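Trainee: Whatever this is, show me its structure:
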Amino acid sequence: MNQLDKQLENELIKHLLVKNCLETSGGLGSYSVLHFSEYDDYGSKLPWCERKWFYYKTEVEGTIRFIRRVLKEHLKIDNPIITMERHKGSYEEIRVGRFLQYGDERKGKYHLNILLPHISEELLKRPHSKLTRLYGTPGEIPSDKKVELINRCFQKHPWIKKWKPSIHTELLHTTSDQENTLHYSLKDITKRGSDFMDVMYWSPNYEYQQQERHK
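Mentor: Next up, the predicted model:
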């Protein structure tokens, strides 16, 4: 397969993924970017033994499973759309006298793009006990607190710090917003030629769910 054919194939794959996500989500309500902070909540840089996990896919997938569980327990969200994006890597610098050489490449750390369906207004009117504790005030939760609730869910994971905030969340108001954001979240498929299986997070029961939908 030549380079042009591969690019066209990746464009088709991304288009089909966007179409499938829009059809199965029932509409997307928000988009978040999660960066794994190298600093603690007081601005001190974390030791390498804590930061190194941001570079390992299996560890990042464990973080995703934690986030999915928190979203389900607090906001009753079952199937968030989550993509993993890797930062540009760098090469080890080795100085020999006046000369600079480059050694092995160190791949960049990951960050996450997370798209969520709309939070139920009924849930905000009658929050359950876990959601009430998350918000901190009993009774009905105002509709304009959705972003705050989403961010508090993410901050339950220790990799998401308050120093130089690790989270950016915005609400999606139109179908065009949803489609454009999905294309952006999947851009590594076409820009870097990444395998879509490495870009999107697939839950262990994804195949079973798809089979059930098509019965």
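Trainee: quick one, helices of this structure?
Mentor: 3-25, 48-51, 57-75, 121-125, 129-135, 146-154, 175-185, 187-191, 196-199, 206-213 (DSSP state H).
Trainee: mind putting these in CSV, mean neighbour count included?
Mentor: C-betas here are computed from N, CA, C, even on glycine. What follows is those, written out as CSV (neighbours: other C-beta atoms under 10 Å):
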stretch, mean neighbour count
helix 3-25, 14
helix 48-51, 11
helix 57-75, 17
helix 121-125, 13
helix 129-135, 15
helix 146-154, 19
helix 175-185, 17
helix 187-191, 17
helix 196-199, 15
helix 206-213, 10
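Trainee: closest to residue 107 out of these?
Mentor: Minimum separation from residue 107 across the helices of the chain (C-beta to C-beta) falls at helix 57-75, 9.7 Å.
Trainee: contact partners of that closest one?
Mentor: Here helix 57-75 makes contact (C-beta atoms under 8 Å, 6 or more residues apart in numbering) with 34, 36, 53-54, 77-78, 80, 82, 84, 110, 112, 114, 116, 119, 123, 130-131, 134, 149-150, 153-154, 156-157, 159, 198, 201, 203.
Trainee: picking that back up, output the helices of the chain in TSV; the columns should cover mean pLDDT and distance to residue 166.
Mentor: Shown next, in TSV, are those (pLDDT from 0 to 100; distance: least, C-beta to C-beta, whole Å):
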stretch	mean pLDDT	distance to residue 166
helix 3-25	79	24
helix 48-51	89	13
helix 57-75	94	12
helix 121-125	96	25
helix 129-135	96	18
helix 146-154	95	8
helix 175-185	89	17
helix 187-191	81	20
helix 196-199	80	20
helix 206-213	43	27
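Trainee: Tabulate those (TSV), appending distance to residue 41.
Mentor: Formatted as TSV, these follow (distance: least, C-beta to C-beta, whole Å):
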stretch	distance to residue 41
helix 3-25	33
helix 48-51	13
helix 57-75	18
helix 121-125	28
helix 129-135	18
helix 146-154	14
helix 175-185	27
helix 187-191	30
helix 196-199	30
helix 206-213	34
